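Q: build the 3D model from these lines:
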Amino acid sequence: MRSMMQDEISILMVCMGNICRSPTAEGVLRAKVAQAGLTRQVLIDSAGTHNYHPGSPPDERSQAHALRRGYDLSGLRARQVTQDDYADFDLILAMDWDNLALLQEDCPPQHAIKLKLFMEFAPQLQVASVPDPYHGGASGFEQVLDLTEAASEGLVAHLKNCLGQN
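A: Model prediction:
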């Protein structure tokens, strides 16, 4: 992030195809940020390291599971991470080690400090990655929601600190 105290913070959630994990994380974080009254100060987006599904909505299963918990992902659309994203976002959060490594390979050195694993914001869970639910069943999508909710709550606490709103 630019500094410890700032007026606005932009966050990019990243997974492989931007149709399961990162849009779920985007939707959950948006809701948690709104609950904390930080919507005007926090910009949230998501993208994929691969351009598998450009312009597509999130996976129907991701949408269905998220909606059952009150998160509407229907307006989100998949896109690939761009070079501009490294400069434009203050924090770029990968869902797993593989996507973090891809981001690190592509990221200009001056922006490398912005790259982190999303689960770093839920250290109490002792889980490093949000597993990809794409090829699995319903429990995988529920696990993604459990993990993204926990990490989003930790991230909101961090954001409040950065924005001077403890």
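Q: in the protein, which helix is the longest?
A: For the chain, the helix with the greatest residue count under DSSP state H is helix 138-162.
Q: helices or strands up against that helix?
A: Packing contacts for helix 138-162, counted by 3 or more Cβ pairs under 8 Å, 6 or more residues apart in numbering; DSSP states H and E, involve strand 9-15, helix 21-35, helix 60-68. For glycine as for every other residue, the C-beta is placed from the backbone atoms N, C-alpha and C.
Q: how does it look with 10 Å?
A: strand 9-15, helix 21-35, strand 42-48, helix 60-68, strand 91-94 (3 or more Cβ pairs under 10 Å, 6 or more residues apart in numbering; DSSP states H and E).
Q: what about the ones you listed, which gets the closest to S152?
A: Proximity to S152 (Cβ to Cβ) singles out helix 21-35 among the helices and strands packed on helix 138-162, at 4.4 Å.
Q: coming back round to it: CSV for the helices and strands packed on helix 138-162, including mean pLDDT?
A: CSV is the format used below for those (pLDDT from 0 to 100):
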stretch, mean pLDDT
strand 9-15, 98
helix 21-35, 98
strand 42-48, 98
helix 60-68, 98
strand 91-94, 98
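Q: JSON lines for the ones you listed, including mean neighbour count?
A: Formatted as JSON lines, those follow (neighbours: other Cβ atoms under 10 Å):
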{"stretch": "strand 9-15", "mean neighbour count": "25"}
{"stretch": "helix 21-35", "mean neighbour count": "25"}
{"stretch": "strand 42-48", "mean neighbour count": "23"}
{"stretch": "helix 60-68", "mean neighbour count": "18"}
{"stretch": "strand 91-94", "mean neighbour count": "26"}
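Q: show me the one of those that comes nearest Q80.
A: Q80 sits nearest to strand 42-48 of all the helices and strands packed on helix 138-162, at 5.6 Å, using Cβ to Cβ.
Q: could you check the pLDDT of the nearest residue to A36 once chain neighbours are set aside?
A: Nearest residue to A36, sequence neighbours excluded (Cβ to Cβ, 6 or more residues apart in numbering): V156, at 5.0 Å. Listed pLDDT for V156 reads 98.
Q: in the longest helix of the chain, what's buried?
A: Neighbour-count burial for helix 138-162 flags 140-141, 143-145, 147-156, 159-160, 162 (criterion: 16 or more other Cβ atoms under 10 Å).
Q: tell me the angle that helix makes with strand 42-48.
A: In terms of direction (axes from the mean of the first three to the mean of the last three Cα atoms, to 10 degrees), helix 138-162 departs from strand 42-48 by 140 degrees.
Q: understood, closing this out.
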